[in-house]
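Asker: model the following, please.
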Amino acid sequence: MKRFLHKYGHAWVFLYAFIYLPWFFYLERTVTTRYHIIHVSLDDYIPFNEYFIIPYLFWFVYVAGAVLYFFFTDKGDFYRLCAFLFTGMTISLAICTIYPNGTDFRPIIDPDKNIFCAMVAALHKVDTCTNVLPSIHVYNSIGVHIAVMNSERLREHRLLCRASFFAMAAICLSTVFLKQHSVIDGMAAITMAYCLHDVIYGSAYESSRRRAAEKVPEI
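Answerer: I've put the predicted structure just below:
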């Protein structure tokens with residue numbers, strides 16, 4: 001047990017769930033009527049396509065799979081990925097708390113049309129059209145792809161990197177083709193990812209790491 005705790009002591013990071021989940025469900029429960037509508041004209045030109053439910057749900061596998069992979073293989077990459085994901089998720093919840101928001105363009109779904117429509121209808125029963133800005137689906141997908149491209153182990157595998165990019169792009173597109181999010185939600189998530197990338201993966205991170213290394217006395 002002691003050896004296990006020493007090897008996987010970084011599991012403490014998962015305690016973030018006790019912050020995120022209660023906060024998220026509180027917003028889902030309370031933001032129901034009075035909220036700001038996120039809607040731009042471009043949203044009306046994007047057709048609903050129920051087949052995008054596949055990449056939309058694949059998001060759970062994509063994100064969880066990446067987190068678990070780095071948890072068991074690279075503690076440094078695990079910490080950076082979680083820092084990226086959890087920082088953005090916290091900012092998103094803070095925005096939704098201060099600025100309650102939602103969409104108003106979900107279509108009426110006929111669950112008997114096909115299995116994909118049935119899946120979308122089931123999704124609508126458990127996922128409200130509120131707390132959408134910025135899109136966590138988009139933000140976390142970008143975060144996972146960034147982690148893959150910054151991993152010394154994974155970035156050498158071109159096929160895997162291309163598959164990751166395809167998964168990220170498909171998930172981002174699914175949010176608007178399923179009418180789960182406005183284009184504005186996605187752009188806000190991209191902007192947030194761009195800003196946090198430099199802090200966690202870019203020059204700001206490298207500079208802080210070099211300064212920390214310089215402070216370590218030689219033995």
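Asker: quick one: the strands in the chain, in order.
Answerer: With DSSP state E, the ranges of strands along the chain come out as 36-37, 101-102.
Asker: out of the ones you listed, which comes closest to residue 110?
Answerer: strand 101-102 (23.0 Å; CB to CB). Heads up, the C-betas are built off the backbone N, CA and C, glycines and all.
Asker: average pLDDT for that closest one?
Answerer: Computed over strand 101-102, the mean pLDDT rounds to 96.
Asker: and that strand, what other elements does it pack with?
Answerer: The helices and strands touching strand 101-102, judged by 3 or more CB pairs under 8 Å, 6 or more residues apart in numbering; DSSP states H and E, are strand 36-37.
Asker: low-confidence regions, the chain specifically.
Answerer: Applying pLDDT under 70 to the chain flags the ranges 1-2, 4-5, 203-219.
Asker: biggest helix in it, by residue count?
Answerer: Using DSSP state H to assign secondary structure, the helix with the most residues in the chain is helix 75-98.
Asker: what comes up buried for that one?
Answerer: Neighbour-count burial for helix 75-98, counted by 16 or more other CB atoms under 10 Å, picks out 77-78, 80-89, 92-93, 95-96.
Asker: ok, now stretch 10-20?
Answerer: 13, 20.
Asker: contacts for it, please.
Answerer: Contact partners of stretch 10-20, identified using CB atoms under 8 Å, 6 or more residues apart in numbering, comprise 71, 75, 78, 79, 82, 86, 89, 90, 93.
Asker: likewise stretch 27-36?
Answerer: Residues contacting stretch 27-36 (CB under 8 Å, 6+ apart): 93, 96, 97, 99, 100, 101, 102, 128, 130, 131.
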